[in-house]
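> below: sequence and its predicted model.
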Amino acid sequence: MDGPIDYGRYDRGRYCNYWTLDGTIQRELRRIYPDEEFEWAAPRLERFGRVVGHTIADNADSVDRHGPELHTYDRNGEVSNYVEYPTELRETERLAYEAGAVADSFRPPPGRETPLSYSHYFGMLYLLSYAETSGFVCPLAMTAGAAHVLERFDDGSLAEYYDALTSRRHDELIEGAMFLTEKQGGSDVGANETTAEYDAETDYWRLTGEKWFCSNIDAEGTLALARTPGAPDGTAGLSMFLVPHGDPDAGVMTRARREAFDGPPPAAALNDQYYRRLKDKLGTTNVPTGEVEFRETSAYLVGEEERGFKQMAEMLNLERLSNAAAACGIMGRALLESKIHAANREAFGQPIEKFPLVRADLVDMAVDHEVATASTFEAVRYFASRERARRVEEGTVEAAPAVAPERAYRMMRLLAPVVKLRTARMAIETTSYAMELRGGDGYVNDFVTNRLLRDAQVLPIWEGTENVLSLDVLRALEREAAHEAFAEVVDEQLRRVSHPALIDARELVEAEYHDLLGAMAELAQADEEFAQLSAKRLAHYIFDVFTSALLLAQAEEELEAGNGRLALVARRFVTRELAEREARGITSNDRFALEQFDPIVRFAPVDPDALDTPTK
Ligand SMILES: Cc1cc2nc3c(=O)[nH]c(=O)nc-3n(C[C@H](O)[C@H](O)[C@H](O)COP(=O)(O)OP(=O)(O)OC[C@H]3O[C@@H](n4cnc5c(N)ncnc54)[C@H](O)[C@@H]3O)c2cc1C
């Protein structure tokens, strides 16, 4: 990208290419893909960015107005569990799956001998989130998650389901879902009461119980947790099952098989369960979320009995990173809409982007988007490295991972909850301000800002609330000794930083990093009550220090390559989050947002020699 981008050329963040307009995701994916894979995948990302910016963006708005509908009974009074989907949603589904958004990371795409890394899936999901802000993104992420679980834990007996989950052909496709939450417990999954009994006559397990929040309710590849007879209480007693939507005796109910029925499939073609109702939600209208009663429902055991929660944790890692990638994509869209509006809307005789306060807000929104995306895709890099190491061991890919598996696992384990919780919060802030920047129109459904905010609001809730994730950070430190890997990584990153324009910021981060290590050590000794009380602050502190070091190391590389833009982004973030400023900086005469508006907001390149080299 040569920049600066003239956002005044556009009249809204639509009918454009979300890949070519987003220098941030281009930089991050180039950084984390294996080199050869990036060159190969870039044209696919470019094509997908265009499709999302056109057809999928239009479809998403339309489905938001008329979402999926549930018909519980058919006209003869038989249970029908029929979800009627708008044709626009089916079109979006076809476009996304056939573009390889899931398949490419699991099976060799045409023209290649091995699948792409998991990073590609997260990159495609990010682009999709520019339009499908937490709607259809949810089923897509659960399809990838279910495939991930089967790849890791199934002994091959569910191969038909795996093949359908990873299909790039729409007619052969099925989607995934995950049913954990019950009325008495979402965060407290160990409180699950659904039971599973083996039926020797049919060789199926029979599930009985109620699930309270079931997104993508009629998925054919649903993974659910249930307790087998005699299993212990709590999470240790949970097993994982695959619950088909269709009658499993008839084989996998692919899209083609569903469409072969004229209208709703007859009750005899369905599994024995009952979809009570769909939730009437604030947003995420594009995904049907409902309540399900299992009534001796046929199911297959996945992996080993009583290993369900551990297996589900692997899916949750992927879902939490998907949540973070979606948050970054939503922020990207909100930012794009805001930049375009600010360049075009006039008030008091000039475009509103000329006003100092608007400039400062846009600079900070852009910095937040950079920070969220860099940290999320670094976590994705660790996740993808670990999975690549596994695939190398299994002989399905050859090229070695970028990071050794043990470090990759510990870093992913720490960063998945940290980036999920922080990016979710940032997405709400960014979409809320994007709405305000549009003025009164922003609050009206004719404009996409309304949906962006409604959809973003789910991000801190599903896949674990901010509190629950903060407690998970404590567990990662205690059980996986994640702080050891963290300390090594931050040390290495800071050691790479030597450019005079970054030295002050590096010193600030170093000081905070040592304080953070001290805080981690103290909390490890603290009583449980106090450790929990501090967990959220600790998670955010980890985010700030980790991301600062990461950005500085990346900025150093970019400076060596001749561009100082990221150095400005890194300095802004470090100053904003870590520096102590007298009178909150009001008297500092800091005009950063005015002077650096073009590089940060419009991607104008920055000559490294033109950067000042501040000293404290
Ligand atoms: C649109 C939508 C779709 C969803 N889809 C699915 C789905 O497909 N599958 C699925 O399984 N679930 C789904 N969920 C459910 C979601 O994952 C849960 O709602 C969430 O995990 C919280 O659980 P809960 O609702 O039982 O709240 P609770 O667990 O009752 O939590 C209530 C509050 O207490 C806090 N809290 C709980 N425990 C602690 C603790 N130990 N320390 C501090 N604070 C605590 C929480 O942070 C929260 O603020 C969906 C939810 C929504 C909104």
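Noted; the coordinates are in hand.
> what mean pLDDT does the strand of greatest length in the chain have?
In the chain, with assignment by DSSP state E, the single longest strand is strand 289-302. If you average the pLDDT over strand 289-302, you get 98.
> that strand near the ligand at all?
Yes: using Cβ under 6 Å from any ligand atom, strand 289-302 reaches the ligand at Thr289. Placement of C-beta: from N, CA and C, glycine included.
> now do the buried residues in that strand.
Thr289, Gly290, Glu291, Val292, Phe294, Thr297, Ser298, Ala299, Tyr300, Leu301, Val302 (16 or more other Cβ atoms under 10 Å).
> the very next helix or strand once past it versus strand 289-302: what angle between them?
Per DSSP states H and E, strand 289-302 leads on to helix 308-344 as the next helix or strand towards the C-terminus. Angle of helix 308-344 versus strand 289-302, following axes from the mean of the first three to the mean of the last three Cα atoms, to 10 degrees, is 140 degrees.
> got the residues of the stretch 251-400 of the chain near the ligand?
Lys281, Thr284, Thr289.
> and the first one, how many neighbours?
The criterion is other Cβ atoms under 10 Å. On that basis, Lys281 has 16 neighbouring residues.
> would you tell me which helix is longest in this protein?
In the chain, with assignment by DSSP state H, the single longest helix is helix 356-394.
> average pLDDT for that helix?
Mean pLDDT, computed over helix 356-394, is 97.
> start at 44 instead
New numbering, starting at 44: the last item is helix 399-437.
> who's in contact with the residue in the chain positioned nearest to the ligand?
Using Cβ to the nearest ligand atom, the closest approach of the chain to the ligand is made by Gly229 at 2.0 Å. Residues in contact with Gly229 (Cβ atoms under 8 Å, 6 or more residues apart in numbering) are Leu223, Trp255, Phe256.
> format these as TSV; extra columns: neighbour count and distance to the ligand.
Below are the contacts of Gly229 laid out as TSV (neighbours: other Cβ atoms under 10 Å; distance: Cβ to the nearest ligand atom, whole Å):
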residue	neighbour count	distance to the ligand
Leu223	22	3
Trp255	17	7
Phe256	18	3
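> okay, and Ser282 sits in which element?
strand 281-286.
> now the angle from that strand to helix 351-387?
70 degrees.
> restricting to C-alpha, output the helix or strand immediately after strand 281-286 in the chain in PDB.
Next helix or strand after strand 281-286 toward the C-terminus (DSSP H and E): helix 298-303. Extracted C-alpha coordinates of helix 298-303, given in PDB (Å, rounded to 0.1, in the frame of the first residue of the first chain):
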ATOM      1  CA  ARG A 298     -27.000 -29.300   2.400                       C
ATOM      2  CA  ALA A 299     -27.900 -31.300  -0.700                       C
ATOM      3  CA  ARG A 300     -29.900 -33.800   1.400                       C
ATOM      4  CA  ARG A 301     -31.800 -31.000   3.200                       C
ATOM      5  CA  GLU A 302     -32.600 -29.200  -0.100                       C
ATOM      6  CA  ALA A 303     -33.800 -32.400  -1.600                       C
END
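> same question for the helix or strand that comes right after helix 298-303, mean pLDDT?
Sequence order places strand 316-321 as the next helix or strand after helix 298-303, per DSSP H and E. Average pLDDT, strand 316-321: 97.
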